[in-house]
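Student: Provide a 3D model corresponding to the input given below.
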Amino acid sequence: MSLINSTLVFSQEHTRIDSLRGHLTHIRTCYDVTFYDLDVAIDEQEKSIERSSNTIHFTALSNFNWFQIDLAFNMEVLLVEFEGTQLEFARESDAVYIYFNREIKKGEQTSIKVWYGGYPREAVNPPWDGGFSWKKDKNNKPWIGVSCQGLGASVWWPNKDHQSDEPDSMRIKVAARSPLKIVANGDLRSDTSVWNQYFNSWMNVSEWFVSYPINNYNVTLNIGDYVHFSDNYISDNDTLRLDYYVLNGNEKKAKAHFEQVKPMMKCFENYFGKYPFWKDGYALVETPYLGMEHQSAIAYGNNYLPGYHGNVRFIDNLDFDYIIVMNLDMSGGAILLQQTI
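Tutor: Numbering: from 1, shown residues only. Okay, here's the model as predicted:
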């Protein structure tokens, strides 16, 4: 009887919201995402996402006239554009149902542009209980990051939020008030500054390109008073770019601490094969939370200490940084896992 009671007390009730997120219904399996073009403007003063969009490119896998995408219910869908017109849409919790004005035919390749904005969930205990981290560094400069593995990427941008479907590649464009620096996934394509009337401010606009399939939760942005330095890892006459983005004032200790990256990379390559995102490079980005295996832009927040926040007892008193090792391992493992799904 006590076992039954315990089960009743601690079991979690399955809800309609769980089904909307987890089930692959016909309005999700009818299309395959091929490319995301994410364009985000961050207002660090309001802790909001403003006048942003994601263009979702897809291939139809069957005939349909409506499908589902996902965006957290506290975020607002402003409008959906398709072939020069605005589409009707409806919401059920975090699900967004898009109604096309014609039948989409199997094999057709097309896209919709979803305009959105709002106040994304603020992280409670990142990265485990994630969301946006709106912090200040030791110089009182804004320091912003996002972690969403447990919540799903639709907590901050509209997408098909199911691990069975990834874009083949992705563009990420982020705007933030100058002089803040922006780091996202993939290869940096451009950094520009423009006057934005809506923000009444000069905005730094940073464009990044991801050349490989990417899990939605691995898509990230980092904003802060960053300093950049780089190195190279040589393997079989090929060069992997190593980029490091650290807070202003931490460059000296970061250069010394990150010397362990190259021997770690050599060890992983020996046992597990070549780093899987070679064209996009490898980056460590200092973050206001402990870490996360964000593809080609690994979040690092272990304070330049060995082990886990300086605790080396569980790694046999060795002096390597557990967060660097773990998140490279998991970043590479993410694509290998996805290939088996």
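Student: what sits against the residue positioned nearest the centre of the chain?
Tutor: The structure's the chain has its C-alpha centroid closest to Val219; by Cα atoms, centre = their mean the separation is 1.9 Å. Neighbour list for Val219: 36, 38, 153, 157, 170, 172, 184-185, 210, 294 [criterion: Cβ atoms under 8 Å, 6 or more residues apart in numbering]. The C-beta positions use only the backbone N, C-alpha and C, and glycine is treated the same way.
Student: next one: Gly152
Tutor: Contacts of Gly152 by Cβ under 8 Å, 6+ apart are 21, 70, 161, 216-217.
Student: Now go through those residues and say which are in helices.
Tutor: The helices, defined by DSSP state H, take in Arg21 from the contacts of Gly152.
Student: can you list the contacts of Gly152 in CSV and add neighbour count and distance to Lys266?
Tutor: Converted to CSV, these look like this (neighbours: other Cβ atoms under 10 Å; distance: Cβ to Cβ, whole Å):
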residue, neighbour count, distance to Lys266
Arg21, 17, 40
Asp70, 22, 40
Asp161, 26, 36
Asn216, 23, 31
Tyr217, 24, 28
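Student: Now do the helices in this structure.
Tutor: 2-10, 16-22, 26-29, 251-257, 261-272, 322-338.
Student: lowest-confidence stretch among those helices?
Tutor: Lowest mean pLDDT within these: helix 2-10, a mean of 40.
Student: how much space between Phe268 and Lys106?
Tutor: 42 Å (Cβ to Cβ, to the nearest Å).
Student: Looking at these two, which is more packed in?
Tutor: Taking other Cβ atoms under 10 Å, Phe268 and Lys106 do not tie; Phe268 has more neighbours (16 against 13).
Student: residue contacts, Leu188?
Tutor: 206-208.
Student: what do you get if the cut-off is 7 Å, keeping everything else the same?
Tutor: Trp208 (Cβ atoms under 7 Å, 6 or more residues apart in numbering).
Student: Run through the bridge partners of it.
Tutor: Under DSSP bridges, the beta-bridge partners of Leu188 are Trp208.
Student: where in the stretch 101-250 of the chain is pLDDT low?
Tutor: Counting by pLDDT under 70, the stretch 101-250 of the chain shows no low-confidence range.
Student: Quick one: the strands in it, in order.
Tutor: In the stretch 101-250 of the chain, strands defined by DSSP state E, counting those that start in this stretch lie at 109-118, 131-136, 142-147, 169-177, 181-184, 187-196, 201-210, 221-224, 226-235, 238-247, listed in chain order.
Student: coming back round to it: need the contacts of Gly152 in a markdown table with distance to Leu328, can you?
Tutor: As requested, these are exported to a markdown table (distance: Cβ to Cβ, whole Å):
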| residue | distance to Leu328 |
| --- | --- |
| Arg21 | 29 |
| Asp70 | 29 |
| Asp161 | 25 |
| Asn216 | 20 |
| Tyr217 | 17 |
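Student: Could you report the neighbour count for Ser190?
Tutor: 10.
Student: What sits closest to it if chain neighbours are left out?
Tutor: In space, and not counting its chain neighbours, Ser190 is closest to Glu207: 4.7 Å by Cβ to Cβ, 6 or more residues apart in numbering.
Student: What are the structural domain limits within this protein?
Tutor: Following automatic domain parsing, the chain resolves into domains at 30-224, 226-338.
Student: Out of these, flag the one nearest His14.
Tutor: Closest to His14 of those, according to Cβ to Cβ: domain 30-224, at 14.0 Å.
Student: Now do the end-to-end distance for the closest one.
Tutor: In domain 30-224, first residue to last residue: 40 Å (Cα to Cα, to the nearest Å).
Student: Next: stretch 167-187.
Tutor: For stretch 167-187, the first-to-last residue distance is 16 Å (Cα to Cα).
Student: so who does Thr192 touch?
Tutor: Listed by Cβ under 7 Å, 6+ apart, the contact partners of Thr192 are Val205.
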